[in-house]
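Asker: Got a sequence here, can you build the structure:
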Amino acid sequence: MDSQFAVDLRLTLFLLPNLPLELSQLGLFPVHTVPLCQPLATVAKSAVQFASFLLEAFYLLVRLSFGGVIHNALELWYRNSPDADRLQQAYDFIDSEFPQRMGDPQQSANWQLALAMFGGYVHRYAVEEFEVVEVEKEFLGEIRNPDTGRASQTFRIAGKADAIVQCHDGMYLLEHKTAASVDANYLDKLWTDTQIALYSHYLREQG
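Answerer: Residues are numbered from 1 along each chain as shown. Modelled structure (predicted):
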């Protein structure tokens, strides 16, 4: 096996446990259980398979990063709601996230897509029928045994809601999602999304 490939693979295995959980679930090899001293031939079946893994991991990170750009731009938009210049602030932030856009075709495409998505959002929701109460509201709560009511001594639950808003008939969570495509099946699943139910429960507990 090529020595440079061996070094790259060893380094990647060392770094992967610190990357998002999704990267360890791609299934090409068990990242968290492979000793670094193990012969590299037993870790990856071939250089082609390993290259495929890295490509999938790269595109996953790109998607996560892109979603983060949109999310942070929306945070600026709502956090600076009294500021007449908030739209330009959000656009400036998006620009700053793609510093190589003039020379990198991929960055240029993502930059244009981010501007289009954010601009479309602002146009669609130019007038909001609610008042923003909290932005990026964090919570920390206990996980209880449903039978005994006892709190776990090992685990707790934490999260952060995009926003809490006040409508005419009460308070609501405002959550944003980015997706490659939105169809009827995707929309149906939102109604059974346990994230929203958990956030509502713990934020209500927190008061």
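Asker: does the residue lying closest to Tyr121 once chain neighbours are set aside sit in a helix or strand, and which one?
Answerer: Using C-beta to C-beta, 6 or more residues apart in numbering and skipping the chain neighbours, the partner closest in space to Tyr121 is Leu74 (7.2 Å). (C-beta placed from N, C-alpha, C; glycine too.) For Leu74, the host element (DSSP states H and E) is helix 47-79.
Asker: Likewise for Glu138?
Answerer: Going by DSSP H and E, Glu138 is part of strand 131-144.
Asker: May I see the buried residues of that strand?
Answerer: Across strand 131-144, burial judged by 16 or more other C-beta atoms under 10 Å covers Val132, Glu134, Val135, Lys137, Phe139, Gly141.
Asker: which of those lies closest to Met171?
Answerer: Nearest to Met171, judged by C-beta to C-beta, of the buried residues of strand 131-144 is Glu134 at 9.5 Å.
Asker: Tell me how far that closest one lies from Phe93.
Answerer: From Glu134 across to Phe93, the span is 20 Å (C-beta to C-beta, to the nearest Å).
Asker: With Gly119 instead?
Answerer: Gly119 sits 13 Å away from Phe93, going by C-beta to C-beta.
Asker: What distance do you get for Arg79 to Thr192?
Answerer: Computed as C-beta to C-beta, the Arg79 to Thr192 distance reads 30 Å.
Asker: what do you get for Glu138?
Answerer: Glu138 is 24 Å from Thr192, by C-beta to C-beta.
Asker: Same question for Val122.
Answerer: 29 Å.
Asker: Let me know the next secondary structure element after the strand of greatest length in the chain.
Answerer: Using DSSP state E, we find that the single longest strand of the chain is strand 151-167. Sequence order places strand 170-174 as the next helix or strand after strand 151-167, per DSSP H and E.
Asker: List the buried residues of that next one.
Answerer: Leu173, Leu174.
Asker: Determine the set of other helices and strands touching it.
Answerer: Secondary-structure packing of strand 170-174 (3 or more C-beta pairs under 8 Å, 6 or more residues apart in numbering; DSSP states H and E): strand 151-167, helix 194-206.
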